[in-house]
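Asks: Sequence first, then the predicted structure, then my questions.
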There are 4 protein chains.
Amino acid sequence: MRRTSPKRHDVPVTTDRMETFSDGVIAILITIMVLELNVPDGEHLSSLHKVWPVFGSYVLSFVIIGIYWNNHHHMLRATERINGAVLWANLHLLFWLSLFPFGTAWMGERHIARTPTAVYGVILLAAAIAYYILQTLILRELGPDSVLALAIGRDTKGKLSPVIYTAGILLTFVSRWVGLAAYVIVALMWLVPDRRLEPSLATVGNPRPH
Amino acid sequence: MRRTSPKRHDVPVTTDRMETFSDGVIAILITIMVLELNVPDGEHLSSLHKVWPVFGSYVLSFVIIGIYWNNHHHMLRATERINGAVLWANLHLLFWLSLFPFGTAWMGERHIARTPTAVYGVILLAAAIAYYILQTLILRELGPDSVLALAIGRDTKGKLSPVIYTAGILLTFVSRWVGLAAYVIVALMWLVPDRRLEPSLATVGNPRPH
Amino acid sequence: MRRTSPKRHDVPVTTDRMETFSDGVIAILITIMVLELNVPDGEHLSSLHKVWPVFGSYVLSFVIIGIYWNNHHHMLRATERINGAVLWANLHLLFWLSLFPFGTAWMGERHIARTPTAVYGVILLAAAIAYYILQTLILRELGPDSVLALAIGRDTKGKLSPVIYTAGILLTFVSRWVGLAAYVIVALMWLVPDRRLEPSLATVGNPRPH
Amino acid sequence: MRRTSPKRHDVPVTTDRMETFSDGVIAILITIMVLELNVPDGEHLSSLHKVWPVFGSYVLSFVIIGIYWNNHHHMLRATERINGAVLWANLHLLFWLSLFPFGTAWMGERHIARTPTAVYGVILLAAAIAYYILQTLILRELGPDSVLALAIGRDTKGKLSPVIYTAGILLTFVSRWVGLAAYVIVALMWLVPDRRLEPSLATVGNPRPH
């Protein structure tokens, strides 16, 4: 059922339009990053050498934004009505996501140098926190017995992500590769469906076909 | 209720499609601005120094565009049918909004220098006037007893904004920071929900659930 | 009534999705053009001097794309089903529209020099022809008694536009300003609602209030 | 019938939203490519000389993306529900499509030099394989008796495309023009409707008018 609630002035924005707007911003972000892949100066395979770190950073950011898009969709589908706080929490998340192209390009062009890699981690961390704030505000609106609250459960992944990101940022000062590995681990953690970690999602979701 | 009015040739554009188009342009604008955040030349934290003013300008423009998006949505949700004048008033607003990335980047890159800061204010002022024109045309179509007219009320914020912007533009010639502060004040004025200023919104909106 | 026709494999694309896709491309085009407005090097008003021709070109292109968006919407709203030929005719139109940022920037940066102004006219002409082809294919599908066919009528504006554009292109070799004036005249012709030229639109559209 | 299935947590994403998101990315890609058409330095027709190869590459990529958009739409319209694997297969396809602007610009700016032309072919090949994977996953979900499975049939074009692309990549080392010709042939193969190759599409589609 599409959430096309009737016109009321007390509900600032329909989830429908917030979803569409967020999707638009995310689609643009994911595509704009590729503009940072500067066309090589030469015409030989060797000229691609300089492009590799940017390409690798792009792949990582692409996957992370893909995960955000997927999770964001899940969450909003279960949300009937939103208030002004949710609206601004969503824009806050989009703000940090919009810094991905900048962080990705700096880290890539500087060949995974220490500071750019740490700054990239700070952007990842800020986006994770922004997502957590958004989720908390939506859950407060829906209540603890809502389908979304049950599906999210203890939210192990959501709580673990900022911790690993913080560790990764600090670890870049030991080795930038270890720091980068921490970011990759968070991405993999979300990609791999782990039924043990989130049993409530399977329990709640499956027995309610249609 | 979705405004999917039947096919009539006397109604130029459905609010639906005008909303979608406006959302698209606004989503692109808000994302494109980040492209102005040039990747630093160096790889140390000090190389971020030059980025700060651009970053600050970007945050301000992001918030202002977010406010426009929110208000624009409110207004169009209450609008059943639009005519050619409304269509072009909307494009006129989008035109000035589309100059935000230019103004933001110039002000940021020139480290809040006098002229760029004044020019940025002129763009803000023009957008505020364009919004006021659009709102006036929509209200004329809907009539003084419409829900929107009651919700907007005396439109204190809408009338105050151009005044403060004009003051800000003039004040940049005294101190560019005072000018910039004026722009920030307008943004904060819209962000903070002030129930005393707009009681009609609460009165009209709440008692009409669904 | 929304054209959400049921799933059939003989109808390649719903007008709905073609409309959304076209809107997306047009929204991006209109916003991307502003990226050509390079941030001035200096920080004084005099540094805006170089920007003026680009700004003027941008305004003209913005208005022309706005007209296309409006007309395109009109036409598709009256179209129930489309075939493969219409789909590709639409992509053909979008192709020429997508060259607007290039043409606009070249003409602007070269300060309305002869060749860039003529090339800009060629892009305008090609887009006008592409629109005419698209319209012809849609009308062939709908038949001569359709509401759209009656509304379009003799299509004086549609037939006049390519003629004036061609004259404008040739006139750039006499005076580039006369050539540019021809392009502006076409834009004004579409902006000003002329009831004498298109009486069928008023006759057909108005007496059919939903 | 629009696929607006009710809120269920076991279905990760509606086809509706996946379609909209994909459309957004494709619309942005097709428009962003034109940004690679750098504005010529001079103001004479001769300055366009350098632009021609980029322009030609742009036309080819525009047509190929147009074909993808069309086929993608066909496929998703016949898909009722999607799972996580389909979602990621779709993002995988979008990833390779998002490399088109890079490949197009490099090949164009280097005037169809050997390596860039081969790399462009690799991107085309990867996108074709990604599309095949996506289609296979959707067909597995729908079953062999689904309308889509019947419409796709033996999928001669889908199987032939990667083969011709591979041949084209290898042939660039004989002659870059022959390699490029192979890419063009694949595009033409999809553009020309060949009823002998895909009879099932005509048979299945037509006799089922809603």
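Replies: Received the coordinates, thanks.

Asks: Okay, now the unreliable bits of chain A?
Replies: Scanning chain A for pLDDT under 70 picks out A:1-14, A:193-210.

Asks: What are the boundaries of the helices in chain A?
Replies: Using DSSP state H, the helices of chain A run over A:15-32, A:52-77, A:84-97, A:100-109, A:114-142, A:147-152, A:156-171, A:176-191, A:199-205.

Asks: Please produce a markdown table containing those, extended by distance to chain D.
Replies: All C-beta spots, glycine's among them, are computed from the backbone N, C-alpha and C. Formatted as a markdown table, the helices of chain A follow (distance: least, CB to the nearest CB, whole Å):
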| stretch | distance to chain D |
| --- | --- |
| helix A:15-32 | 4 |
| helix A:52-77 | 5 |
| helix A:84-97 | 14 |
| helix A:100-109 | 12 |
| helix A:114-142 | 12 |
| helix A:147-152 | 5 |
| helix A:156-171 | 15 |
| helix A:176-191 | 8 |
| helix A:199-205 | 4 |
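
Asks: so which of those helices comes closest to residue C:120?
Replies: Residue C:120 lies closest, by CB to CB, to one member of the helices of chain A: helix A:15-32, at 26.5 Å.

Asks: what's the angle between that closest one and helix B:15-32?
Replies: Per axes from the mean of the first three to the mean of the last three CA atoms, to 10 degrees, the angle that helix A:15-32 makes with helix B:15-32 is 40 degrees.

Asks: Look up how far residue A:190 lies from the residue most central in space within chain A.
Replies: Nearest to the geometric centre of chain A sits residue A:68, at 3.2 Å (CA atoms, centre = their mean). Distance, residue A:68 to residue A:190, using CB to CB, to the nearest Å: 9 Å.

Asks: likewise residue A:95?
Replies: Counting by CB to CB - residue A:95 and residue A:190 are separated by 21 Å.

Asks: Same check on residue A:92?
Replies: For residue A:92, the distance to residue A:190 - CB to CB - is 20 Å.

Asks: same thing with residue A:179?
Replies: 18 Å.

Asks: For these two, work out which one has more neighbours and name it.
Replies: Legend: neighbour count by other CB atoms under 10 Å in any protein chain shown for residue A:179 and residue A:190, higher for residue A:179 (23 against 18).

Asks: Near the closest residue to the residue nearest to the centre of chain A other than its chain neighbours, how many other residues are there?
Replies: What sits nearest to residue A:68 in space, not counting adjacent residues and going by CB to CB, 6 or more residues apart in numbering or on different chains, is residue A:97, at 6.5 Å. For residue A:97, the count of nearby residues is 27 (other CB under 10 Å).

Asks: and residue A:97, what is it in contact with?
Replies: For residue A:97, the contact set (CB atoms under 8 Å, 6 or more residues apart in numbering or on different chains) comprises A:25, A:26, A:29, A:65, A:68, A:127.

Asks: now residue A:89
Replies: For residue A:89, the contact set (CB under 8 Å, 6+ apart) comprises A:130, A:133, A:134, A:137.

Asks: 7 Å - rerun?
Replies: Each residue near residue A:89 by CB atoms under 7 Å, 6 or more residues apart in numbering or on different chains is listed here: A:133, A:134, A:137.

Asks: Which among these count as buried?
Replies: Neighbour-count burial (16 or more other CB atoms under 10 Å in any protein chain shown) applied to the contacts of residue A:89 gives A:133, A:134, A:137.

Asks: okay if I get these as JSON lines plus distance to residue A:163?
Replies: Output for the buried ones among the contacts of residue A:89, formatted as JSON lines (distance: CB to CB, whole Å):
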{"residue": "A:133", "distance to residue A:163": "16"}
{"residue": "A:134", "distance to residue A:163": "19"}
{"residue": "A:137", "distance to residue A:163": "21"}
